[in-house]
Every structure is written in C-alpha cells, then in structure tokens.
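Chemist: what's the 3D shape of this:
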Amino acid sequence: MTNALLDFSDLPLFDRVRPEDVAPATDQLLVEAEQALETVTAPDFPADWSAIAKVLDVATERLGRAWGVVGHLNAVADTPELRAAYNAAMPKVTEFWTRLGADERLFAKYKSIDTAVLDAEQRQAHKNAMRNFVLSGAELQGAARERFAELQERQAELSQKFSENALDATDAFAYYATLEELAGVPEDAIASARAAAEAAGREGYKLTLKMPSYLPVMQFAHSSELRRTLYTAYVTRASEIGTDEQRKFDNSAIIKETLALRREEARLLGYDNFAQVSVVPKMAESPAEVIAFLQDLARRAKPYGEKDVADMRAFAIEKLGLADPQPWDWTYVGEKLKEARYSFSEQEVKQYLPAPKVLAGLFKIVETLFDVQIRRDQAPVWHPTVEFYRIERARPSGQAPVLVGQFYLDPSARAGKRGGAWMDDVRARWLRPDDGRLQTPVAQLVCNFGEGIGGKPPMLTHDDVITLFHEFGHGLQHMLTQVNEHDVSGINGVEWDAVELPSQFMENFVWEWDVLRHMTAHADTGEPLPRELFDKMLAAKNFQSGLATLRQVEFSLFDMLLHAEHDPAQDFMPLLATIRQDVAVLQSPAFSRTAHTFSHIFAGGYAAGYYSYKWAEVLSADAYAAFEETAGADGQPDPETGRRYREAILESGGSRPAMESFKAFRGRAPTIDALLRHQGMAPTA
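Modeler: Okay, here's the model as predicted:
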C-alpha cells in the first residue's frame, strides 16, 4: 500500500491512515521542508514573497496538512498504536517548526522583502510573520536560542501528555448502577447506560464521565449519593486524588513544569511573564487590561449570581428538603428550580430535537443569511458516524455552482475520542503559488453528543444545539473566506480574542422562534415544538446567567493570573482558592481539581487566553444586535444584514485587524451593552 499521508491529490485518506504510516511520512515531509528552507535562505535566492511561498510555503503546508491528519486522528480515534506513533514523531515535527520560526536567515530574507509591491492580504501576512519571528526566538543567539528550542519541544511533549492523561482518566472510570439508583434519570439516558453495560458484558447500568452519561445523572438523579460518586470522580480526574490506578494520570507535575517553562520562555524573549507574550498578537493591549475587564464583568454579574444562589438555597429547603446542599447537589437543585419556575425541563425540550432535523434547520439559516447551499458530499472518513458536506454558491444563467468549502461533521461521543467540541482546519483557502489553482477550504466540526437508541436518531439537548451552532460559526469563518493568502485566510491570522466572535454569534439564532421551530420534531409523534414550550425556554434563557458568567470569569482570571503573577515553583491551588473567594458565589469543594483537566490552557492553545470567550462575547452580542435592529416584522433575520456580516467579518478572515472588520460591519467600536442585555444583566432605570 502507498502511504496515505503522502497523498495530497485531494481530501485526506482518513480511512487508510495506519500508525505505521506516520514515521515514514513525517520523515519524508520533514526532509522536503528542510530542503525548501535551505533553498529559500540561500544568499542568491530572491527576497520575494511569491518566490518564497512557491518553494517554502508549499513544502510546509504539505507537512502541516499531513501532521494535522495525524493529530486529528489522535484526538478522535485514539489507539495505543497511533498514540505511540504520534508521540514518536512529535519531537521531530516540533523541532522543525521551532527552528523554522526562529531561523535568522529566513527572518533576514523576510526583512528584505519590499512590502510596497505586496497586496493588502500579503502585507498583513508579512506583518504577522515578522511579529511571529520575534515571538519564536528569531532574535535570540547562542545558548538562549538553543534553550528556546528545547523549551518548545518539551512543552509540546507536556501538552500531549496532559491531554492523554485527561482522556485516559475520563475513560478509566465506570460505575455500574442499579435501576433503583437511577430513579429520576431520563429513560433515554437509562437505555444508553444499559446498552453500555451490555457492551461491556456486565449487569446493571454503566455510567461514565463522558458528558452524555454524566450530565443527566447530575441534573436528574434523585440519589444524592449517586451524584456524589460521579461528581467526585469528575472533579478529581487526572489529579493526585484517588486510588493508585487513578493517580497514574495525575497532571500535577505537568502543570507545574509547563508553567515554569512558559515563564522561562517569556523571559528569554524579554518579557516578565508569559501573559505578556500571550497578548502580543491579540486585541487586548496588556494583561492588566484583561484583568480589569474580567474584574469589571465580575462586579456587574455578582449581584445576579448571589440572587441565583439565594433562590436555589430557598428552593432546596422548601421543596427538596435539602437544608445544606452539597457541591454535587447544585446542578440537580438548579434543574428542579428551573422546572418549577418555568414549568418545563431540558429533557422535555430534548424530545423535540432530533439531530437530523436540527442539522437541517442549521443549514437553512446559513443558506438564507449567507447566500450559499449546503449539500451532502463524499469523502473518506475516520468513523462510520462521520458525515461530509460541501458548501456552494450559485452562479447565474444556469452555470454550475461554485464550490466554496467542505466540512466533516463528527457528532458522537465514544471511547478513544477526546471530550468537548471543536473546529479545526483540514486545509485553508489558498491561491496556490505552485500551480495557480484556487484551493478551497475544508474544516472539521467535532462534537460529543449522545447516540440514538432503539433505531431512533440521536436526540439533542438545547445546549447541544447551541454547541453545534457555535462550532459551525467557527467553520463558517474558515470556509466562507474570500482571502487568497494562506496565512490570513479563514481563521488563520485572526486575533485569538476575536476568533470566538463568529461562533458565539451563531448561538443567538438558537433562541429565535422563527429559526428553532423549523428544526424540531417530537421523537414519537413528529409534532413540532409548541410555541408555549419555546416561550418557557425563552423565559428561562437567562436562568442563572449570573452564576454562569462568574464561572467563566473565575476560569479566565485563574488562567491570566496563573501566567501573569503566579510563581511556578509554588502550589497553584491557593491562587485558585483566592480567585474563587473573590469571584465565586458558589464555592467549589477543597478537593476539586478542575485545573488538572483544564485542557484549553494546558493542551489547547488558550494559555493566558481563556478570557477570549468573554472578550469575544462582547463583540458577538453587539454584532448580533445589528440583526435584531433590522429583523423583519415576521422576526426573520434580514438577508442584507447577513450579506454585510458575511463580507465584513466572515470573508475577510485574518486579512485585517479584527477591530477593523468589526467597525466595517457595525460602523463603530463594540460596547458591552448588548452582552449585558442578552444575558439579563442590563442595569434597570
């Protein structure tokens, strides 16, 4: 068999990639990239943007695409053999990228490029490249340069090990419950647990820490003891707490070493701390600005959070007989309070949200607003449940439609698949310098929803629908771009604290009746969602928004202060405890170890950047307010506003600063007013 990782003729051959392909493919592509680097850095090679791209960018893009396939499979179809192959190749790949980013010959060549002859996209890409050279250590010399390279390789190893520990700790836990213990849990969750137990050859009902299994128990199980069992296991994953078997996955030492290496990296680059390094390519000007933003948001949200907790305490005493609710009780109490206050439950709504119908509704709003069509397509996939689609734009006079982009959708949770949801790129839009072809973008959208039971399609919670719309928003920015320069097309080159704008923007549509009603059909009757039930959902939309905001601020402040002020030699748990004391109105137990699975900052690129979610919420809420202002009398979004949003935000990608794109759409800088209003925290007159 030929090596599937070396086939760049079209889409990746996901179904043919074998662990034994990884080493020879990466070795060959590294050699080719190395040769390209030597070619363009030769003294007689012209300092010309297109000439460099034709040689070096083509070679490194091939390496990036192949390694992206390996990394993706490692995240969604993990096996011991693939993991070993990935870990064996990773140091070599990391070493090359580190050396490339710090190559002083290439840096000098870029400095010599005449930017006056570049177009606007190329100038932005060049500007980003010059900044990235400095942040990658290109100005370092001698021992400092060597040490910087060592830091990058070690940090890549630690990131991968952190991710593995989090996945393995999650997969290792199983609790086999009796039917009596599951009293209150929805029937579909019980059926899934029974099927999981049967698949494991066990009696009873298998509960895991995967979200489709864990969350229904925390929300609905009447047994406080069962909730306690799962909660304790969940919040102590990958930590020093638990049995010898559980402690095998302890991330404590990894966190400590990672923080020390990041501070050392920052100081080599001339900064005091890693937080300062992190904000250089972002919208925010400094860590101090971010901290002030978060503290202001906490101040605004805290009165609402305090009321949320007071309401739950009173309800727990009066209706549930819980005089002193424990940490594992709060999700249950909150769900019961919401049911009582708004006369509906998440489980009731879930019965109206079959995955195929939801997906069709999502496609309908995208097609309407952004003037595209979404069609099923064919491609090799890594799992039978993965679907593939193409996005097209019609052309006049009966001509064939234009292919805009394509995407994979991997919706289901399963063993060997990393938790959470994310979008990643398979390839970017690029007017290729080697053959002159326009390469269309391809994305991967990954979720972790439950599977269908008894021949029925999977049913989604409303939160699942929000997640799907969120990730699709990322995908739209990647796929609808009209930028031809690889490094600033789609999501590439977009400031990290603005990259969540399109994703959070899409979430708003899930709360619009004229959008949601088209994606509902009851699991048994096929009837659409009743307007009465939707009105109850809408009334409950901002239920506990104060608590939710404070939770995100807590994570964001912990991340920023961890990288700005914390001494890596010291235990980080006291810092988290202090932040919780200052911000939280619902304290976590002392044994909670959420940092140990905080993959966003230790294995996901959000280090000193988790605040980006709240920062971008300001942008996305303000952007969506434009649609509220222009909606038709029937509540339908205005296609003209959709066109302006598409052109200003989605199509421009990273080809200009995010603030310029926002102003091009909105005509002004963003304000926090729309966010506070959308979350029910706007000050009253």
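Chemist: any idea how far the nearest residue to Arg16 once chain neighbours are set aside lies from Gly64?
Modeler: Counting by CB to CB, 6 or more residues apart in numbering, the nearest residue to Arg16 once its immediate chain neighbours are dropped is Ala4, at 3.9 Å. The C-beta positions use only the backbone N, C-alpha and C, and glycine is treated the same way. As defined by CB to CB, to the nearest Å, Ala4 lies at a distance of 16 Å from Gly64.
Chemist: go on, Ser278?
Modeler: As for Ser278, its distance to Gly64 is 22 Å (criterion: CB to CB).
Chemist: if you count what's nearby, which of those two comes out ahead?
Modeler: Higher neighbour count among Ser278 and Gly64: Ser278, with 27 against 19, using other CB atoms under 10 Å.
Chemist: The residue nearest to that one when sequence neighbours are not counted in helix, strand or coil?
Modeler: Excluding the flanking residues, the one nearest Ser278 by CB to CB, 6+ apart is Ala608, at 3.5 Å. Judged by DSSP: H, G, I helix; E, B strand; the rest coil, the three-state class of Ala608 is coil.
Chemist: Do I have it right that Ala608 meets Leu561?
Modeler: No: the criterion here is CB atoms under 8 Å, and Ala608 misses it with Leu561 at 9.4 Å.
Chemist: The biggest helix by length in the chain - contacts with which helices or strands?
Modeler: Secondary structure assigned by DSSP state H gives helix 287-319 as the longest helix of the chain. For helix 287-319, the contact count by 3 or more CB pairs under 8 Å, 6 or more residues apart in numbering; DSSP states H and E identifies helix 274-279, helix 330-342, helix 545-564, helix 573-583, helix 612-630 as packing neighbours.
Chemist: and the angle from that helix to helix 545-564?
Modeler: Here helix 287-319 points in a direction 140 degrees away from that of helix 545-564 (axes from the mean of the first three to the mean of the last three CA atoms, to 10 degrees).
Chemist: these two touch, right, Cys481 and Glu651?
Modeler: Careful, residue 481 is Thr; it's not Cys. Yes: using CB under 8 Å, Thr481 is in contact with Glu651, at 5.8 Å.
Chemist: For Tyr86, the count of nearby residues, please.
Modeler: Burial of Tyr86 is recorded as 22 neighbouring residues (other CB under 10 Å).
Chemist: Look up how far Asp21 lies from it.
Modeler: Remark: distance between Tyr86 and Asp21 (CB to CB) = 11 Å.
Chemist: So for the two, which residues contact both of them?
Modeler: By CB atoms under 8 Å, 6 or more residues apart in numbering, Tyr86 and Asp21 have no common neighbours.
Chemist: quick one on the thing from earlier: which one's more surrounded, Thr481 and Glu651?
Modeler: Remark: of Thr481 and Glu651, Thr481 carries more neighbours, 25 against 18, as counted by other CB under 10 Å.
Chemist: you'd agree the more buried one is in a strand?
Modeler: No: assigned with three-state DSSP, Thr481 falls outside any strand and is coil.
Chemist: And the pLDDT at it?
Modeler: The per-residue pLDDT reported for Thr481 equals 98.
Chemist: got the contact list for Ser213?
Modeler: With CB under 8 Å, 6+ apart, Ser213 has these contacts: 189, 192-193, 196, 206-207.
Chemist: Okay, and which of the residues you listed map to helices?
Modeler: Mapping those onto helices (DSSP H) picks out 189, 192-193, 196.
Chemist: ok, of those, which one's closest to Asp324?
Modeler: Set against Asp324, the nearest of the ones in helices among the contacts of Ser213 by CB to CB is Ala189 (27.4 Å).
Chemist: contacting residues around the closest residue to the closest one other than its chain neighbours?
Modeler: Spatial nearest neighbour of Ala189, excluding adjacent residues (CB to CB, 6+ apart): Pro216 at 3.9 Å. Shown in contact with Pro216 (CB under 8 Å, 6+ apart): 185-186, 189, 347.
Chemist: And for Tyr389?
Modeler: 374-377, 406-407, 409.
Chemist: Quick check: phi and psi on the residue nearest to Ser278?
Modeler: Main-chain torsions, Ala608, degrees, to the nearest 10: phi 50, psi 30.
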